[in-house]
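[1] Here's a sequence, model it:
(one chain, ligands or ions: 1)
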Amino acid sequence: MSLHLFYGGTFDPVHDGHIAIASFARRVCDADVYFIPSADPPHRQKPLATARQRADMLRIAMSGEPRFFLDLRELERDKPSYSVDTLRQLRAELGSEQPIAWLIGADAFAQLHTWHEWESLFDLAHFVVAVRPGYSMHSSHFPINERICASAQQLKESAAGRVFSLQCPLRSESATAIRHAFAAGQAPNGLNPAVQAYILEHGLYPKAL
Ligand code: ATP
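    Now for the predicted structure:
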């Protein structure tokens, strides 16, 4: 069976690290990748760019990439978008047998126990965890040893519940660092030039260059 990979995030703004990780996961997992920008993340600061602007930037950064899709379901909801609600909706649409995986950075995965109804997440999807400089995917809050699978191929053998560590080349980009660079009047690292032009055109981040 094929694997559907969903990549949730604030993408405020999308950077080259996001695109590199998604490309690596697409190849290693042989999967279509659906980017799902979040509307109003309950567990972090409000994004600075509007939902529409974050989606526009994603569209620009993804353009021309095969097997990349933009899924705007969380932006179209009028209440806080919890990942568990999104996964329940996807599960209902795709059926109980379809392998589904959530692509996530190691920093975010280690905080999974802070997510709304986090224990249900493993019943709904696999996790593909991208290594991130300075972070370990292991958390003292939930053991994952029995869930780990050695190859991405194994993710296609069941619908949910496994964890695959994606050993992609480390990417140092961070959206926070990019926003700070703009605020300090410095050139940001790891930003698609067309996304940077969009940021400047719309004056998105304070003191944008
Ligand atoms: P911030 O720096 O503000 O936390 P971010 O760069 O992590 O933002 P998000 O939109 O929050 O951007 O990230 C979406 C997902 O991508 C998260 O699961 C995050 O862990 C992952 N991710 C983002 N940047 C990297 C990176 N450089 N390496 C690995 N994973 C990353």
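[2] what separates residue 96 from residue 36, distance-wise?
    Distance from residue 96 to residue 36, counting by Cβ to Cβ, to the nearest Å: 20 Å. For glycine as for every other residue, the C-beta is placed from the backbone atoms N, C-alpha and C.
[3] Over to residue 141?
    24 Å.
[4] higher neighbour count, these two?
    Between residue 141 and residue 36, residue 36 has the larger neighbour count (other Cβ atoms under 10 Å), namely 24 against 11.
[5] For that one, give the beta-bridge partners.
    For residue 36, the beta-bridge partners are residue 8 (DSSP bridges).
[6] Tell me who's in contact with it.
    6-9, 71, 73-74, 86 (Cβ atoms under 8 Å, 6 or more residues apart in numbering).
[7] how about those residues in a markdown table, adding distance to residue 116, pLDDT and neighbour count?
    What follows is the contacts of residue 36, written out as a markdown table (distance: Cβ to Cβ, whole Å; pLDDT from 0 to 100; neighbours: other Cβ atoms under 10 Å):
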| residue | distance to residue 116 | pLDDT | neighbour count |
| --- | --- | --- | --- |
| 6 | 16 | 98 | 23 |
| 7 | 19 | 98 | 26 |
| 8 | 13 | 96 | 21 |
| 9 | 16 | 95 | 19 |
| 71 | 19 | 98 | 17 |
| 73 | 16 | 95 | 16 |
| 74 | 13 | 93 | 21 |
| 86 | 11 | 96 | 21 |
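[8] how about the strands in this protein?
    4-9, 32-37, 68-70, 100-105, 126-130, 163-166 (DSSP state E).
[9] most neighbours per residue, which of those strands?
    strand 126-130 (a mean of 27; mean count of other Cβ atoms under 10 Å).
[10] can you list the residues of the chain near the ligand?
    9-11, 17-18, 21, 104-105, 107-108, 130, 132, 171, 173-176 (Cβ under 6 Å from any ligand atom).
[11] who's in contact with the residue in the chain positioned nearest to the ligand?
    The chain approaches the ligand most closely through residue 105 (2.1 Å), counting by Cβ to the nearest ligand atom. Taking Cβ under 8 Å, 6+ apart, we find residue 105 in contact with 21, 129-130, 132, 135.
[12] Kindly state the pLDDT recorded for it?
    Per-residue pLDDT puts residue 105 at 97.
[13] Show me what counts as buried in the helix ranked longest in the chain.
    Longest helix in the chain by number of residues (criterion: DSSP state H): helix 16-29. Going by neighbour count (16 or more other Cβ atoms under 10 Å), the buried part of helix 16-29 is 16-26, 28-29.
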